[in-house]
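**Student:** The sequence and its predicted three-dimensional model are supplied below.
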Amino acid sequence: MVDTMFLAWFTTNQEYEEGRNLLYLEFPTKFVYIDKEHRWQPRQKGFSIGRLTYVPVGSGELYYLRVLLTKQRGCTSYESIKTVDGKICKTFQEACSELRLLKDDQEFKDAIKEAYETTSGDQMRRLFVRLLNMNTMNLQTSDDELKNICLIEIGKLLSLNGRTLSDYKCMPTPIVEDVNTFENKLIADELSYDRVELGALHASLVQKLTEEQHVVYEEIMTSVLSGYGQFFFLYGYGDTGKTFLWRTLSAGLRAQGKIVINVASSGIASLLLPNGKTAHSTFCIPLEINEKSTCNITQDCHRAQLLRSASLFIWDEAPMMNRYCFEAFDRTMKDLMGKVDKENINKPFGGKVVVLGGDFRQILPVIRKGSRGDVVNATISSSKLWKHCKVLQLTKNMRLKGDSTDKSQSELKEFADWILKIGDGRIGGDENGEAVINIAEDLCVLQHDNPLLSLVDFVYPNIVNCFGKSNFFEDEAILAPTLEVVQEVNDFVLSMIPGLNQIAAIY
């Protein structure tokens, strides 16, 4: 029998002692898999990271095997994976229980919720019977839980008559979050903002808009409030106020009880948006994308209901995403909105208002071994959707309008002009799409003895005394071009923080 990558892991652990202190997903950091020979061998050079394939919660023993692989090291057989303190458990689930990895019924709740969104009624019933047969669920409902459920149901009946439980001072208030009523939590989260607070924030932000920003703001707000879908691209280089505009639009519409979906093409960019997330996670965009792809969203799932309910989609740093991602989102929205009105299948993004933002001078889609033409062809501007797009533009650097000394203003302007020249290809010449650019010394770390220490001290001053503050790492980040450098920086920063390392496993 030919070993798979997983079975070869068992064999390698028998042969090499250095592999026995590694988890399966850590194995690629020290070993490399030779596909033709179906075996692992010690890594001589390079760096790699591993990941475990996603397994749905309702997959039974396969799911529990995956959980154990995040805990069990140096396994040499399936039996060794199930071995806890010398005892060979009968099932992977039993081993998880012995390791106290199943503290509550949350995995069962997640499985039922997932099935509710993706399967038929018959499949749901079969799953429920399967869960019952596991005989590990806590099926007892306490008096407090029953009382809470009863209060929620009473509240629903009162709402039909325009009243709520809070109208009756003698009645207790239920804890809605504690009960899985199969209502759409995604929509509930998007409607849970303090509208009064957002209204005040919106009024403050609007007053600070420049004339140029105000024109863009009015154009987008008019499109949203009119109910006519439109596709925009907001073009502007760094510091022209795109993020400020996203905040203003989000606050204004959310204050009116409307849903705004803020996404970005990268995780770091999403952190700058109000309740921002990555486009891949929000729209369930496939990792392997092609010209016919669609998002992994079914018609009647909670996420589909959320997307139908949204009034505005803001997608920041759009130029770095492959055009196939936007086209997949377009097909999905046409499909979802076609259920509402058949005419929507002929409109970009199903008739929704979608605003992309970014700067084509910055990072474009990465095409492995692709030519310059391949990269350009992968951008959103090369998509068939682009002909429907209205381009808006911001040109004024907002950072230069801040309160600062004449010297710092001059330095900021010089730096901003330098960045623009690089983006426009006016520095370093052009050798087949490549250029050599000299970086000024004041922008470099010149401490040759320990440059990494100098960089960390500059980005995270006094890290030893401040690392415990919850927001210390919130506003600064060290960016690196490769995973090897990322690992090196992370290891160095962790080495500066006192205390023992703690590894948190994500199932």
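**Tutor:** Arrived safely, thanks for sending.
**Student:** my guess is residue 486 contacts residue 480, does it?
**Tutor:** Yes. Between residue 486 and residue 480 there is a contact under C-beta atoms under 8 Å: 4.7 Å. Heads up, the C-betas are built off the backbone N, CA and C, glycines and all.
**Student:** Could you pull up the mean pLDDT of the host helix or strand of residue 329?
**Tutor:** Following DSSP states H and E, one finds residue 329 within helix 323-338. Taken as a whole, helix 323-338 carries a mean pLDDT of 96.
**Student:** do stretch 494-505 as well
**Tutor:** pLDDT averaged over stretch 494-505 gives 74.
**Student:** now do stretch 98-115
**Tutor:** On average, stretch 98-115 scores 74.
**Student:** Same question for stretch 26-37.
**Tutor:** 89.
**Student:** end-to-end on that stretch?
**Tutor:** With C-alpha to C-alpha, to the nearest Å as the measure, stretch 26-37 spans 21 Å from end to end.
**Student:** Would you mark the buried spots in that stretch?
**Tutor:** By neighbour count with 16 or more other C-beta atoms under 10 Å, stretch 26-37 contains the buried residues 27-28, 31-33.
**Student:** isn't residue 165 right up against residue 151?
**Tutor:** Yes. Counting by C-beta under 8 Å, residue 151 is a contact partner of residue 165 at 6.7 Å.
**Student:** And for residue 421, the neighbour number?
**Tutor:** Neighbour count for residue 421, taken as other C-beta atoms under 10 Å: 13.
**Student:** I'd say it and residue 427 touch.
**Tutor:** Yes. The criterion here is C-beta under 8 Å, and residue 421 meets it with residue 427 at 4.8 Å.
**Student:** Identify the residues contacting the spatially closest residue to residue 266 that is not a sequence neighbour.
**Tutor:** Excluding the flanking residues, the one nearest residue 266 by C-beta to C-beta, 6 or more residues apart in numbering is residue 317, at 5.9 Å. If you count contacts by C-beta atoms under 8 Å, 6 or more residues apart in numbering, residue 317 has them with 264-266, 269, 357-358, 362.
**Student:** Give me the common contacts of residue 165 and residue 151.
**Tutor:** 171-174.
**Student:** Let's see the ChimeraX selection covering just the buried ones among the residues you listed.
**Tutor:** Selecting only the buried entries of the shared contacts of residue 165 and residue 151 in ChimeraX, with 16+ other C-beta under 10 Å as the criterion:
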select :174
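**Student:** Compute the mean per-residue pLDDT across stretch 168-178, please.
**Tutor:** 74.
**Student:** And for that stretch, what's in contact with it?
**Tutor:** 145, 148-149, 151-152, 155, 165-166.
**Student:** Reformat those as TSV; add neighbour count.
**Tutor:** Listed next are those as TSV, based on neighbours: other C-beta atoms under 10 Å:
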residue	neighbour count
145	13
148	19
149	15
151	18
152	16
155	17
165	16
166	10
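**Student:** Please flag which of these sit within helices.
**Tutor:** The helices, defined by DSSP state H, take in 145, 148-149, 151-152, 155 from those.
**Student:** Pick the one among these closest to residue 327.
**Tutor:** Of all the ones in helices among the contacts of stretch 168-178, residue 327 sits closest to residue 152, with 42.2 Å by C-beta to C-beta.
**Student:** Tell me how far that closest one lies from residue 145.
**Tutor:** To residue 145, residue 152 is 11 Å away according to C-beta to C-beta, to the nearest Å.
**Student:** Which phi and psi values does residue 367 adopt?
**Tutor:** phi -110, psi 110 (degrees, to the nearest 10).
**Student:** That one contacts residue 375, doesn't it?
**Tutor:** Yes. Checked against C-beta under 8 Å, the pair residue 367 and residue 375 is within contact range at 5.3 Å.
**Student:** Pull up the distance across stretch 50-68, start to finish.
**Tutor:** 16 Å.
**Student:** outside of that stretch, which residues touch it?
**Tutor:** Residues from elsewhere that reach stretch 50-68, judged by C-beta under 8 Å, 6+ apart: 24-29, 69-70, 81-82, 91-93, 95-96, 99, 101, 107-108, 110-112, 114-115, 127, 130, 507.
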